[in-house]
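> Got a predicted structure plus its sequence, pasted below:
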Amino acid sequence: MTLPSDYPQRAYAAVLGKLIGVYLGRPFEGWTYQRIMRELGPIENYVHERLNAPLVVTDDDVAGTFTFIRALEDHRASREITSREIGETWLNYIVERRAILWWGGAGNSTEHTAWLNLKRGIEAPDSGSIKVNGQAVAEQIGAQIFIDGWAIVAPGNPALAAELAEKAARVSHDGAAVDAAKLWAAMEAEAFISRDVEHLIDVGLSHIAADGDIAKLIADIRAWRGRYPDWREARDQIEADYGYDKYPGNCHVVPNHALMIMALLYAPDDFSKAQTIVCTSGWDTDCNAGNVGCLMGAMLGLEGVDAGGKWRGPLADRMLISSADGGHSINDAVRVSARLVNLGRSLAGLAPSPAPKEGAQLHFSLPGSVQGFASAGDRPAAFDLANVAFEASRALEMRFAALGREPAVALTPTFTPPEVANMRTYELMATPLIYPGQKVRARVIARSGNTGELSINLRALVYGRADALDAIDSAPVALAPGHQAILEWRLPDTGGQPIQSIGVSARSPSGAQDGSIILDWLRWDGPPDTRLRRPSEPSEFWRRAWVNAVDIFATHFPQAFRVSQDRGEGMLIHGGREWRDYRVETALTAHLAEHAGVGVRVQGLRRYYAALLVRPNVLRLLRARDGVTTVLAEAPFAWTFERPYHFVVEVVGGAIEVVVDGVRLSARDDGDEALADGGVALIIAGGAASTDEVLIAPPCVARLEHANGAA
């Protein structure tokens with residue numbers, strides 16, 4: 001597989017196109033064409049404000065697309081990946097009734113039905129088959145809407161995209177739904193190297209049954225394109241021949257696929273017009289617009305997405321991906337597209353691309369990227385942001401007018417935004433990206449045309465009393481025109497409250513001036529050094545900072561963390577995949593349990609290490625990986641209910657050490673099944689457990705030196 005020379009930019013454009021389409025169509029998902037025309041008119045811009053909704057929300061189309069593709073990360077990044085392994089990815093990242101899917105019930109929601117099958121031990125592809133679920137359930141729209149990632153990792157290789165898409169689709173779907181997914185994935189892959197829509201359709205058709213429903217509807221729509229000059233006439237014909245009333249279920253793939261093909265044929269080289277057509281046409285608007293947007297982003301590139309200049313500004317690269325890996329949830333199109341590009345490179349037999357700017361999380365190196373940054377504070381109108389060419393790459397320019405002693409501030413989200421309370425969509429499972437104890441650094445440069453010295457500092461917003469956001473600042477640095485500085489800040493203790501955003505603040509001590517500064521990059525490093533606890537002031541967002549994968553995360557007990565699980569194992573998860581070597585401590589009380597304890601390097605619900613008190617009278621260290629549990633060490637340990645036990649668990653490289661009330665377990669795990677990174681968890685099975693706080697800290701220096709020497 002030869003990758004396009006502009007692969008990173010096209011992958012980024014494809015991800016942006018997906019996000020734009022989903023967030024454009026989301027506020028009126030499920031509306032008919034007639035209602036849209038009556039209440040909104042043609043959809044030519046974002047309409048979320050007209051419907052009193054946030055723009056960037058949790059949505060199954062985004063969460064599923066950019067979670068299920070992680071099967072390649074977790075299962076050797078090979079084209080030999082199986083439907084069974086992708087099904088394992090579902091079980092690892094989907095929190096029941098809380099994350100990713102529409103939990104509409106067995107027989108109503110295709111994905112919910114398939115997930116229940118997986119939980120019962122029916123492996124993919126049987127989990128999504130017509131044989132198990134019936135044709136109506138198996139042929140709803142979901143396989144198509146989640147398919148874009150499999151095309152982005154196979155640019156210019158439609159055969160590979162169709163192969164991967166089929167394996168992913170069969171976890172939950174069958175029949176025409178699989179044909180639609182394969183065809184669209186093949187078209188998207190070919191769109192990286194061709195701008196001929198008719199050719200793309202022919203490529204897609206070559207990978208599906210010639211006598212199936214999808215091939216038939218495409219033939220009809222092509223004929224109607226020649227007959228009807230106005231897309232509205234073609235839409236009317238689609239409704240007459242392929243409308244919802246012709247198919248069982250609440251969201252069948254065939255009618256919606258027809259609208260997507262129509263949008264491409266009537267707007268083959270116009271991103272905005274295609275979005276208008278597919279969104280105004282109604283039915284599953286966010287799904288259809290997301291697929292069309294992704295294909296046209298790959299085909300037309302950033303220039304095509306930018307035409308008209310109305311889509312990327314409000315979006316600001318932002319995305320929310322609700323899953324059991326909460327550290328992946330607050331995300332942006334730059335970071336996600338980079339991960340997809342490296343998966344594509346791996347499938348092509350190539351090494352990962354070097355990380356821009358030595359691995360800084362926020363680097364702005366793709367044209368137009370802002371990675372969530374927006375003007376904030378009391379002066380947003382006087383502080384413009386723009387991605388500009390800088391040195392050998394690109395950077396974020398922060399332009400101000402009449403800047404004085406009151407600061408101008410630009411911030412990017414690092415945790416759940418306050419407007420989540422207004423989301424009428426899916427629940428957001430998320431943990432913060434940054435924590436007390438970590439070091440934040442940023443490179444800033446004052447433009448030489450500035451007329452005076454600036455005072456620059458890093459700023460964070462932290463949740464506080466009644467979930468209001470309070471600003472905390474680093475020490476300021478004086479920056480003369482033409483000079484630069486590396487801002488450094490060890491984030492202070494926040495009293496158990498999560499940090500919602502991070503960025504830069506600038507003011508002019510000497511009086512009003514116009515000018516700008518360059519933010520070249522911003523990064524954070526190291527493990528946290530913090531106590532996770534109930535804050536002293538009344539608030540709720542500290543609870544939202546945990547991925548809740550237990551039956552009950554109680555709010556009315558004296559303990560800050562009291563969790564209960566009726567059946568099986570539950571987890572309360574915190575942190576993410578940027579955590580590698582660290583120590584966790586807590587005093588855990590089991591009130592009733594088959595087992596209870598602490599997880600480390602937690603990568604979801606089925607990938608973690610755990611130190612557990614196990615009935616009867618065992619302390620056990622184990623690795624869980626995709627349904628397989630491996631005991632690494634254990635010892636006799638007489639434990640009882642209603643008594644706290646002090647856990648210390650430390651991971652450094654392949655070394656794992658556990659101490660519980662003086663009893664020590666040690667192990668090394670360096671093989672292919674070892675887990676290199678991940679967050680922490682409180683684990684409970686068949687009962688309840690509690691603690692008042694969880695300490696996350698760097699590992700002990702002596703322990704670190706010993707582990708490095710042993711390695």
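In hand now; what should we look at? Numbering: from 1, shown residues only.
> quick one, what contacts the residue of the chain most remote from its centre?
Most distant residue from the mean C-alpha position of the chain: S510, 43.0 Å away (CA atoms, centre = their mean). Counting by CB atoms under 8 Å, 6 or more residues apart in numbering, S510 makes contact with 452-453. Quick note: C-beta positions are derived from backbone N, CA and C, even for glycine.
> again with A169
Each residue near A169 by CB under 8 Å, 6+ apart is listed here: 128, 143-144, 146-147, 177-178, 181-182.
> now do 6 Å
143, 178, 181 (CB atoms under 6 Å, 6 or more residues apart in numbering).
> next one: R10
192, 298, 301.
> still on that earlier bit, got a winner among the contacts of A169 for most neighbours?
Neighbour count (other CB atoms under 10 Å) singles out A143 as the most crowded of these, with 33 neighbours.
> who's in contact with that residue?
Applying CB under 6 Å, 6+ apart, the residues near A143 are 169, 173, 177-178, 181.
> Determine the number of other residues adjacent to the nearest residue to N133 once chain neighbours are set aside.
Residue nearest to N133 in three dimensions, not counting chain neighbours: T113, with 5.6 Å by CB to CB, 6 or more residues apart in numbering. Residues near T113, counting by other CB under 10 Å, number 22.
> how about T113, secondary structure?
helix (DSSP: H, G, I helix; E, B strand; the rest coil).
> Secondary structure element holding L632?
strand 628-636 (DSSP states H and E).
> if I look at R459, how far off is D520?
According to CB to CB, to the nearest Å, R459 stands 17 Å off from D520.
> Could you list the domains of the chain?
9-327, 358-525, 546-710 (automatic domain parsing).
> and of those, who's closest to A348?
Proximity to A348, assessed across these by CB to CB, is greatest for domain 9-327 (8.4 Å).
> for the record, mean pLDDT for that closest one?
Domain 9-327 carries an average pLDDT of 97.
> all strands for the stretch 351-500 of the chain, in order.
Along the stretch 351-500 of the chain, the stretches classed as strands by DSSP state E, counting those that start in this stretch are 374-376, 383-390, 393-403, 408-413, 439-446, 454-463, 469-473, 477-479, 484-490, 499-507.
> Please convert those to a markdown table, extending it with distance to C700, mean pLDDT and mean neighbour count.
Below are these laid out as a markdown table (distance: least, CB to CB, whole Å; pLDDT from 0 to 100; neighbours: other CB atoms under 10 Å):
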| stretch | distance to C700 | mean pLDDT | mean neighbour count |
| --- | --- | --- | --- |
| strand 374-376 | 39 | 91 | 19 |
| strand 383-390 | 41 | 94 | 16 |
| strand 393-403 | 38 | 94 | 20 |
| strand 408-413 | 33 | 96 | 25 |
| strand 439-446 | 19 | 98 | 20 |
| strand 454-463 | 28 | 98 | 23 |
| strand 469-473 | 28 | 97 | 15 |
| strand 477-479 | 33 | 97 | 16 |
| strand 484-490 | 19 | 98 | 15 |
| strand 499-507 | 25 | 97 | 24 |
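> And those strands: which comes nearest Y266?
Set against Y266 and scored by CB to CB, the strands of the stretch 351-500 of the chain come closest in strand 383-390, at 31.8 Å.
> re the thing from before, assumed the residue farthest from the centre of the chain was part of a helix.
No. According to three-state DSSP, S510 belongs to no helix; its state is coil.
> and D179, that's in a helix?
Yes. Under three-state DSSP, D179 falls within a helix.
> my read: it touches G212, true?
Yes. Here D179 reaches G212: they are 5.2 Å apart, a contact under CB atoms under 6 Å.
> who has more neighbours, the two?
Using other CB under 10 Å as the criterion, D179 and G212 rank with D179 on top: 29 against 16.
> Next one: that one from R120, what distance?
Distance from D179 to R120, by CB to CB: 27 Å.
> What of F553?
Using CB to CB, F553 is found at 26 Å from R120.
> what's the answer for G64, then?
Distance, G64 to R120, by CB to CB: 21 Å.
> And these two? Which one has more around it.
Legend: neighbour count by other CB under 10 Å for G64 and R120, higher for G64 (28 against 8).
> tell me the phi and psi of the residue nearest to the more buried one when sequence neighbours are not counted?
Closest residue to G64 apart from its sequence neighbours, by CB to CB, 6+ apart: F146 at 4.3 Å. When read as degrees, to the nearest 10, the backbone of F146 gives phi -90, psi 10.
> if I pick F146, what's in contact with it?
Counting by CB under 6 Å, 6+ apart, F146 makes contact with 64-65, 68.
> next one: stretch 540-548 to chain centre, how far?
17 Å (CA atoms, centre = their mean, to the nearest Å).
> C-alpha coordinates for the lengthiest helix in the chain, PDB please?
Counting residues, the longest helix in the chain under DSSP state H turns out to be helix 285-306. This file holds the C-alpha atoms of helix 285-306, laid out as PDB (Å, rounded to 0.1, in the frame of the first residue of the first chain):
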ATOM      1  CA  THR A 285     -29.300  13.600   9.400                       C
ATOM      2  CA  ASP A 286     -26.200  13.400  11.700                       C
ATOM      3  CA  CYS A 287     -25.200   9.900  10.500                       C
ATOM      4  CA  ASN A 288     -25.700  10.700   6.800                       C
ATOM      5  CA  ALA A 289     -24.000  14.100   7.000                       C
ATOM      6  CA  GLY A 290     -21.100  12.600   8.900                       C
ATOM      7  CA  ASN A 291     -20.400   9.900   6.300                       C
ATOM      8  CA  VAL A 292     -20.700  12.400   3.400                       C
ATOM      9  CA  GLY A 293     -18.500  14.900   5.200                       C
ATOM     10  CA  CYS A 294     -15.800  12.300   5.800                       C
ATOM     11  CA  LEU A 295     -15.700  11.200   2.200                       C
ATOM     12  CA  MET A 296     -15.700  14.700   0.800                       C
ATOM     13  CA  GLY A 297     -13.000  15.800   3.300                       C
ATOM     14  CA  ALA A 298     -10.800  13.000   2.100                       C
ATOM     15  CA  MET A 299     -11.600  13.800  -1.500                       C
ATOM     16  CA  LEU A 300     -11.400  17.600  -1.500                       C
ATOM     17  CA  GLY A 301      -8.900  18.100   1.300                       C
ATOM     18  CA  LEU A 302      -8.700  21.000   3.700                       C
ATOM     19  CA  GLU A 303      -9.300  23.500   0.800                       C
ATOM     20  CA  GLY A 304     -12.700  21.900   0.100                       C
ATOM     21  CA  VAL A 305     -13.700  21.800   3.700                       C
ATOM     22  CA  ASP A 306     -12.700  25.400   4.100                       C
END
